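>>> Task: produce atomic coordinates for the following.
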Amino acid sequence: MKKVVLYIHGKDGSHLEAERYKKNCSGFDLIGVEYDDYLPWIVQKKFKSVYETVFERYDRAYLIANSIGAYLAMYALQDFDIAKALFISPVLDMERLILDMMSWANVSEEDLCEKGEIPTEFGETLSWKYLCFARENHITWNVYTEILYAENDNLVSRQTINQFIGAHNANLTVMENGEHWFHTDGQLAFLDSWMEKAIR
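Residues are numbered from 1 along each chain as shown. As a prediction, this is how the structure comes out:
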């Protein structure tokens with residue numbers, strides 16, 4: 001049986017990160033999806049096209065996605081045949097994340113509706129269109145999912161993770177004292193060990 005993993009990177013990431021994970025995915029081909037726009041209504045067509053092209057050559061498709069890549073992948077590929085998903089520090093509820101960012105920036109819904117877009121001091125641009133999109137486009141995710149979450153994730157709350165786990169066929173692994181971005185030697189070693197087990 002020929003098996004493939006599609007890797008969807010997070011913001012400011014790269015499809016080349018897939019090379020790093022190959023050692024953890026014995027028996028799989030690993031393909032990084034190249035994209036540089038983080039709006040679901042734009043990347044949807046690209047993700048679907050990559051999946052359809054790749055699946056012609058493989059019997060089973062798996063998914064690894066990082067941060068916002070998880071949200072984008074769930075939206076674009078929710079109707080596709082995926083054997084298992086592995087999510088790293090995933091953004092699972094875009095409406096909740098946008099509302100949290102609005103709170104951090106002290107921006108009301110009325111302000112955002114009136115202005116359309118509002119840049120923040122922490123580098124993100126709040127978008128009324130994106131908030132409305134997240135509210136109007138609910139995701140139905142029926143893929144068994146393994147989640148790696150960091151205890152000190154400053155972007156996604158544990159409550160959001162727990163709500164997703166409670167509503168889906170999913171399993172959670174938490175790294176104590178970890179961060180949203182897994183980048184230190186210790187964090188990457190933990191991630192590698194988790195991935196080797198979770199991909200089986």
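
>>> for the longest helix along the chain, packing partners?
For the chain, the helix with the greatest residue count under DSSP state H is helix 40-55. For helix 40-55, the packing partners by 3 or more Cβ pairs under 8 Å, 6 or more residues apart in numbering; DSSP states H and E come out as strand 3-8, strand 60-66, helix 68-77. Quick note: C-beta positions are derived from backbone N, CA and C, even for glycine.

>>> tell me the residue furthest from the middle of the chain?
Note on the chain: the largest C-alpha distance from the chain mean falls to Glu114, namely 29.5 Å (Cα atoms, centre = their mean).

>>> For that residue, what is the enclosing helix or strand?
helix 109-115 (DSSP states H and E).

>>> Can you give me the neighbour number for Asp192?
15 (other Cβ atoms under 10 Å).

>>> separation between it and Ser14?
Using Cβ to Cβ, to the nearest Å, Asp192 is found at 18 Å from Ser14.

>>> who's in contact with Ile199?
Val5, Asn24, Cys25, Phe28, Tyr62, Ile64, Lys84, Leu86 (Cβ atoms under 8 Å, 6 or more residues apart in numbering).

>>> farthest-separated two in the residues you listed?
Spanning the widest gap among the contacts of Ile199 are Asn24 and Lys84, at 13.8 Å by Cβ to Cβ.

>>> what's the closest of the contacts of Ile199 to Val174?
Leu86 (14.8 Å).

>>> count of residues packed around that closest one?
Leu86, neighbours per other Cβ under 10 Å, totals 24.

>>> From Arg57, how far off is it?
21 Å.

>>> Please name the nearest non-neighbouring residue to Phe164.
Distances taken as Cβ to Cβ, 6 or more residues apart in numbering put Leu92 closest to Phe164, at 4.5 Å, once the chain neighbours are dropped.
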